[in-house]
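# how would this look folded up:
(one chain, ligands or ions: 1)
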Amino acid sequence: MMTDQYLDQVAAPAIYAANLNLIKLWAAKEKLADGRAFSAFRDIEICTLDAMLAMTFGTSAPSGTQIQVEKSAHFRSSDKCHSDDGNKKNGNVFTFPLVDVDVLTESFSKIQRSVDWTTSTLFPSLVGWFMRRNPILIRRFRNIHAFIHQSIDASIQHLGEQGAVPRVGTDHIVFREKALSEEEDRPPRFHSSAVRDEIFGFILFGNHTTRTTLSWAVKQIADNQIAQSRLREALKASFPSAMKQGRVPTASEIQSARVPYLDATIEEILRLQPIVEVGRSTVHDTPVLGRVIPKGTIVLTLNQGAGVMYPLYDTNTHNSHSSQPAKRWESYGTIDEDTAHIFAPERWLTMSENHAEGHVFNPTACYCLAFGAGVRGCWGRRLAYLQIRLFVAMIVWSYEFQQCPESLSGYQAVEGIVRVPDNCFVRLKTLSAREP
Ligand code: HEM
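Next comes the predicted model:
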């Protein structure tokens, strides 16, 4: 499914439409918040879910953000909107009423939250045991399973038509299962739990990771004002007709344009806030930095702290004989250990040969393991990059992200299956929110 065709024709329009809805929702919220910060986590989560649902199920998928946009028209009269100006702990924050969205989106969102919860507690097995027996959660799974069942039926019907080709995610899965069943000379098992769980996992884990990365992205963009302005200038220079027409650049404009500073910003977001710990089990005794890690040890890469933001110890003087060849490996540049903690997209840019093109994006200027590596590296990496690229370009084009009060900022996180920020607030100033 991660083909150019699927990404360009199905995923990109789905992501783009969801992002436009988010821009509309934030336009309404920004007006009311009037310079105050508001919570963005659920908005981002529902926006990325909209995109995942649309690229998996097609037009039958609901859009939670669209529902929020429609309901946000009533915010003005709602007495549940309130400002916590006086509350020192929260800083200057504007709270919007929680808007109920459709059952499918809400079910995914709540299950996602329970995954965060289960994996961040001290007693994951025990909490997992209770979760599996929780009638509310069971009902949410049933809602999702019922929707998947209907969508598979729709895909079977679609692919049964003369000359039909797979379009959305469920079509591809039905198409593959049909081909496999013919190869194995058995009836197709379109409604098996394996097929259902594959679809469920694609949406849940694809969304879980992307929503979390984008939640870190808005914080990093707000906290790095110079980089944000440089990015906006680079976008303006790259999309002159969108500028002239006062509209958001289209999905294909954003996908096809070469914007080195955009690529560099994305890489820097991923480098500083990797959300998944990559794990490996050693298959034989493995020397790393002069220490032998015995066969069968589970090794987890840290995603914060020593070794990521600052040196673990002085690796130059340490007994690291075995690591020297890797250190000298010419394919990758190094990260200056003294500035490793600083958000600096520039570190991913290098001057082009003969200086004709100016600075170009160099993906090997530094290193970043946000998607893992090798045969078990992230399967959804291309989709994730597409989603981050469209999101960052569209929101930075449409809004100035101002720094939030200190109490709403900070990089504390809940470490579970992914690393979720404790606080995800935005303080916006509308620049241009017109549709193409
Ligand atoms: C910013 C978003 C994402 C991040 C940071 C991320 C990160 C990762 C990481 C670190 C791994 C483990 C890699 C390793 O062990 O070497 C992984 C595996 C995986 N990811 Fe992602 N991911 C993201 C988005 C997605 C999306 C959108 C999908 C699919 C819709 C996806 C599907 C998968 C799958 C199926 C694996 C398991 C691969 C295997 O074990 O063979 N990921 N991801």
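# please make it C-alpha for all contacts and neighbour counts, starting now.
Fine.
# now do the same contact list for residue 347.
264, 365, 366 (Cα atoms under 8 Å, 6 or more residues apart in numbering).
# same list (the residues you listed) but as CSV, adding pLDDT and secondary structure.
As requested, those are exported to CSV (pLDDT from 0 to 100; DSSP: H, G, I helix; E, B strand; the rest coil):
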residue, pLDDT, secondary structure
264, 97, helix
365, 90, coil
366, 87, coil
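# drop anything exposed from the residues you listed.
264, 365, 366 (16 or more other Cα atoms under 10 Å).
# tell me if I'm right that the first one and residue 346 touch.
Yes. With contacts counted by Cα atoms under 8 Å, residue 264 reaches residue 346, the gap being 6.8 Å.
# contacts only, for the residue of the stretch 101-250 of the chain with the smallest separation from the ligand.
Closest approach between the stretch 101-250 of the chain and the ligand, counting by Cα to the nearest ligand atom: residue 206, at 3.5 Å. The contact partners of residue 206, by Cα under 8 Å, 6+ apart, come to 52, 380, 384.
# from residue 296, how far out is the last one?
For residue 384, the distance to residue 296 (Cα to Cα, to the nearest Å) stands at 31 Å.
# of the two, which one has the most company?
Neighbour comparison, residue 384 and residue 296: the larger count goes to residue 384, with 18 against 12 (by other Cα atoms under 10 Å).
# state the phi and psi torsions of that one.
phi -60, psi -40 (degrees, to the nearest 10).
# now the helices for the stretch 51-200 of the chain?
Secondary structure of the stretch 51-200 of the chain, counting by DSSP state H, counting those that start in this stretch: helices at 64-72, 103-120, 124-133, 135-159, 169-183, 193-223.
# I'd like the next helix or strand past the longest one.
With elements assigned by DSSP states H and E, the helix or strand that comes after helix 193-223 is helix 225-238.
# so which elements touch that next one?
Where contact means 3 or more Cα pairs under 8 Å, 6 or more residues apart in numbering; DSSP states H and E, helix 225-238 is packed against helix 193-223, helix 260-272, helix 381-398.
# out of these, which one sits most buried?
helix 260-272 (a mean of 22; mean count of other Cα atoms under 10 Å).
# partners of the helix or strand that it is followed by, with directions?
For helix 260-272, the following helix or strand on the C-terminal side (DSSP H and E) is strand 279-281. With DSSP bridges as the test, strand 279-281 is paired with strand 298-300 (antiparallel).
# what's the spacing between the partner strand and its chain's center?
24 Å (Cα atoms, centre = their mean, to the nearest Å).
# how about that strand: buried residues?
Taking 16+ other Cα under 10 Å as the criterion, strand 298-300 shows none as buried.
# identify all contacting residues around that strand.
With contacts defined as Cα under 8 Å, 6+ apart, strand 298-300 is touched by 277, 278, 279, 280, 281, 282.
# near the ligand, from these?
The subset of these lying close to the ligand, counting by Cα under 6 Å from any ligand atom, consists of 278, 279.
# and the contacts of strand 298-300, which is closest to the ligand?
For the contacts of strand 298-300, the nearest to the ligand is residue 278 (4.7 Å; Cα to the nearest ligand atom).
# which bits of the stretch 101-250 of the chain sit near the ligand?
So far as Cα under 6 Å from any ligand atom goes, the stretch 101-250 of the chain lies against the ligand at 202, 206, 209, 210, 213.
# distance-wise, check the residue nearest to the third one when sequence neighbours are not counted relative to residue 107.
Going back to what we said before, that points to residue 209. Once flanking residues are discounted, residue 209 sits nearest to residue 418: 6.8 Å by Cα to Cα, 6 or more residues apart in numbering. Between residue 418 and residue 107 the computed distance is 19 Å (Cα to Cα).
# again, but for residue 221
Taking Cα to Cα, one finds residue 221 at 30 Å from residue 107.
# the top strand by length along the chain packs against which elements?
Longest strand in the chain, counting residues (DSSP state E): strand 425-430. Counting contacts by 3+ Cα pairs under 8 Å, 6+ apart, strand 425-430 is packed against helix 12-33, strand 38-39, helix 193-223, strand 399-402.
# residues touching residue 60, list them.
Contacts of residue 60 (Cα under 8 Å, 6+ apart): residue 54.
# now do the phi/psi pair for the residue located most distally from the centre of the chain.
Relative to the centre of the chain, the most outlying C-alpha is that of residue 185, 39.7 Å out, by Cα atoms, centre = their mean. Backbone torsions for residue 185, taken as degrees, to the nearest 10, come to phi 50, psi 60.
# send the alpha carbons of stretch 143-162 over as PDB?
Presented in PDB, the C-alpha positions along stretch 143-162 are these (Å, rounded to 0.1, in the frame of the first residue of the first chain):
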ATOM      1  CA  ASN A 143     -18.200  -0.300  16.800                       C
ATOM      2  CA  ILE A 144     -14.900  -0.400  15.000                       C
ATOM      3  CA  HIS A 145     -15.200  -4.000  14.000                       C
ATOM      4  CA  ALA A 146     -18.700  -3.400  12.600                       C
ATOM      5  CA  PHE A 147     -17.500  -0.500  10.500                       C
ATOM      6  CA  ILE A 148     -14.600  -2.500   9.200                       C
ATOM      7  CA  HIS A 149     -17.000  -5.300   8.300                       C
ATOM      8  CA  GLN A 150     -19.200  -3.000   6.300                       C
ATOM      9  CA  SER A 151     -16.200  -1.400   4.500                       C
ATOM     10  CA  ILE A 152     -14.900  -4.800   3.500                       C
ATOM     11  CA  ASP A 153     -18.200  -5.600   2.000                       C
ATOM     12  CA  ALA A 154     -18.200  -2.400   0.100                       C
ATOM     13  CA  SER A 155     -14.700  -3.200  -1.200                       C
ATOM     14  CA  ILE A 156     -15.700  -6.700  -2.200                       C
ATOM     15  CA  GLN A 157     -18.600  -5.100  -4.100                       C
ATOM     16  CA  HIS A 158     -16.400  -2.500  -5.700                       C
ATOM     17  CA  LEU A 159     -13.700  -5.000  -6.800                       C
ATOM     18  CA  GLY A 160     -16.400  -7.300  -8.200                       C
ATOM     19  CA  GLU A 161     -17.300  -4.600 -10.800                       C
ATOM     20  CA  GLN A 162     -15.800  -4.900 -14.300                       C
END
